[in-house]
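just a sequence and a predicted model for now, questions to come.
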Amino acid sequence: MGEVHPDVTFAGRACYVRLDELIRAKIQFVSCGTAEEYPALGVTILNRQAGEVDQITLRFGDILGSHADPTANAPFAWEYEGVAEWYGFQPSQEDYQAMSGALEGYLEIFQEQTPSAAPQWQQTM
């Protein structure tokens, strides 16, 4: 997160990303029914004045698909004896890029858009 969003703040098990003056994203690993297993990122978009704007659950299985063993569970992180790690597979650099891209694609929806120097369209006659 720090490379694209240098204004990231960690609080407990969540991180908060500043998207513009009023909008923040809260990002955290979420459990989807099994304790200590985290197969998704929960992302909540917050307006500092108006509260929650939107929320989404980005499941690793949806982003990465199945890995190696088609009978295996979808990828997930887990916490065991106080240590958090991936269970059943080790994400590659491409996997991390895919997860980052999915997250960034969602966050871009809520970021303040900067006008480009060149017009996006022109009328010709």
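Structure received. Numbers count the residues shown, from 1 in each chain.

in stretch 94-114, what counts as buried?
Residues of stretch 94-114 classed as buried by neighbour count (16 or more other CB atoms under 10 Å): Asp95, Ala98, Met99, Ala102, Leu103, Tyr106, Leu107, Phe110. The C-beta positions use only the backbone N, C-alpha and C, and glycine is treated the same way.

can you tell me how far the residue most central in space within the chain is from Cys32?
With distances taken as CA atoms, centre = their mean, Leu103 lies nearest the centre of the chain, 3.4 Å away. Separation of Leu103 from Cys32 (CB to CB, to the nearest Å): 17 Å.

what does Leu41 give?
Separation of Leu41 from Cys32 (CB to CB) stands at 11 Å.

those two: which is more packed in?
Neighbour tally, Leu41 and Cys32, criterion other CB atoms under 10 Å: the higher count belongs to Leu41, 20 against 14.

can you give me the neighbour number for the residue nearest to that one when sequence neighbours are not counted?
Closest residue to Leu41 apart from its sequence neighbours, by CB to CB, 6 or more residues apart in numbering: Leu58 at 4.6 Å. If you count neighbours by other CB under 10 Å, Leu58 ends up with 17.

so Leu58: helix, strand or coil?
State at Leu58, reduced to three classes by DSSP: H, G, I helix; E, B strand; the rest coil: strand.

contacts only, for the nearest residue to Asp7 once chain neighbours are set aside.
Once flanking residues are discounted, Asp7 sits nearest to Arg18: 3.8 Å by CB to CB, 6+ apart. Going by CB atoms under 8 Å, 6 or more residues apart in numbering, Arg18 touches His5, Asp7, Val8, Arg24.

now do the phi/psi pair for Arg18.
Here is the backbone geometry of Arg18 (degrees, to the nearest 10): phi -80, psi 120.

measure it to Ile45 for me?
Taken as CB to CB, the span from Arg18 to Ile45 is 12 Å.

distance check, the residue nearest to Leu41 against Tyr106.
For Leu58, the distance to Tyr106 equals 7 Å [CB to CB].

all good on my end, thank you.
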